[in-house]
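# Just the structure for this:
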Amino acid sequence: MILEETYSTIKTRYGERFNTVVIEQFVAGIYFMAVKLSSGYCGMANTNLNESDTCTQNRKNGFGDFSPGNFSGNTVAELFNHNNTTGFIKTVQLAAMNAISAELIAESQYKTIENLDPIALLDLDCGKNICLIGAFLSYMKKISASNSHLSILELNTKAVPDEYQQFLVAGLHAKKTILQSDIVIITGASLANNTIDDLLDKIPTDKQVILVGPTSSLLPDVLFKHGVNIIGSTRITDSKMAMQLIAEGAAGFHLFNKCAIKTCIINES
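Predicted structure coming up:
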């Protein structure tokens, strides 16, 4: 699976640092969870909880290591060796992977374009068929207002505002919609909810695939290998501010206004 492959790649590339880097701070906001490491790097992931993560259903995991008040001071290696497999801990692990990825990307020679949203790289007036997987409002606005044809795939139909409901495609027609699209844009929430593998398996190699959103800020090697052409990641420029905003319920646009920039990572293969 993509996350497992990426974890293995990160662990190998990070080397001995993986066993020594420490979690300095963890916050769980409404929209994101975030981890700040002793390396100074910060990573976040979409908050993705289910009924098994509630305190009433999960009290046996409510105390001890990696429970509220017990994140800071543990190493990343300990986080990944922890036997708690709830969605909550998996999201914390994904945020930690993004934090380490930020450091590894800074050390590497990937083709990147900073201060740019991936949608700016698309010619929306060419009449393309664009499939948006996930309720990403800013993309809905831009694509629907262009000469391109928008289709939206989203299981939570209530997440799509009324004015864009006309673009929703029923799950029954998802595969056909993807096959008929020229460009497929997937939100990073697919990493948090573990749907990314199935989605990329459905997309033919002749489609342009864009993965976008703060959760998408992983080391790109494995995603590129599985057909992603552009990753719209997020680089945190002020970790202290980012942690404060996320703890106070920030969404992505709050972060971009104060402590983060959008970065496109291009697959050159």
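# In the stretch 1-150 of the chain, mark out all the helices, start to finish.
2-14, 17-20, 76-81, 87-107, 137-144 (DSSP state H, counting those that start in this stretch).
# In JSON lines: those helices, plus distance to Phe167 and mean neighbour count.
Where C-beta positions appear, they are placed from N, C-alpha and C, glycine not excepted. Shown next, in JSON lines, are those (distance: least, Cβ to Cβ, whole Å; neighbours: other Cβ atoms under 10 Å):
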{"stretch": "helix 2-14", "distance to Phe167": "27", "mean neighbour count": "17"}
{"stretch": "helix 17-20", "distance to Phe167": "43", "mean neighbour count": "14"}
{"stretch": "helix 76-81", "distance to Phe167": "39", "mean neighbour count": "17"}
{"stretch": "helix 87-107", "distance to Phe167": "29", "mean neighbour count": "22"}
{"stretch": "helix 137-144", "distance to Phe167": "7", "mean neighbour count": "18"}
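# Compare the ones you listed and give me the one nearest Ala34.
Closest to Ala34 of the helices of the stretch 1-150 of the chain is helix 87-107 (Cβ to Cβ; 5.7 Å).
# Next, the angle from that closest one to helix 2-14.
Angle of helix 87-107 versus helix 2-14, following axes from the mean of the first three to the mean of the last three Cα atoms, to 10 degrees, is 50 degrees.
# ok, back up a step: looking at the helices of the stretch 1-150 of the chain, which is nearest to Thr263?
Nearest of the helices of the stretch 1-150 of the chain (Cβ to Cβ): helix 87-107, 8.5 Å.
# helices or strands next to the closest one in the packing?
helix 2-14, strand 23-28, strand 32-37, strand 42-46, helix 76-81, helix 189-192, strand 230-236 (3 or more Cβ pairs under 8 Å, 6 or more residues apart in numbering; DSSP states H and E).
# How far does that helix sit from its chain's centre?
How far helix 87-107 lies from its chain's middle: 10 Å, per Cα atoms, centre = their mean, to the nearest Å.
# just stretch 215-222 next, same as before
Worked out by Cα atoms, centre = their mean, stretch 215-222 lies 8 Å from the chain centre.
# In CSV, could you pull the C-alpha coordinates for stretch 237-252?
Extracted in CSV, the C-alpha atoms of stretch 237-252 (Å, rounded to 0.1, in the frame of the first residue of the first chain):
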residue,chain,number,x,y,z
THR,A,237,7.0,28.6,7.4
ASP,A,238,6.2,29.2,11.1
SER,A,239,5.8,26.1,13.1
LYS,A,240,4.8,27.9,16.3
MET,A,241,2.1,29.8,14.6
ALA,A,242,0.9,26.8,12.7
MET,A,243,0.5,24.7,15.9
GLN,A,244,-1.4,27.5,17.6
LEU,A,245,-3.8,28.0,14.6
ILE,A,246,-4.5,24.3,14.2
ALA,A,247,-5.2,23.9,17.9
GLU,A,248,-7.7,26.8,17.5
GLY,A,249,-9.6,25.2,14.7
ALA,A,250,-7.8,26.5,11.6
ALA,A,251,-8.7,25.4,8.1
GLY,A,252,-6.1,25.5,5.3
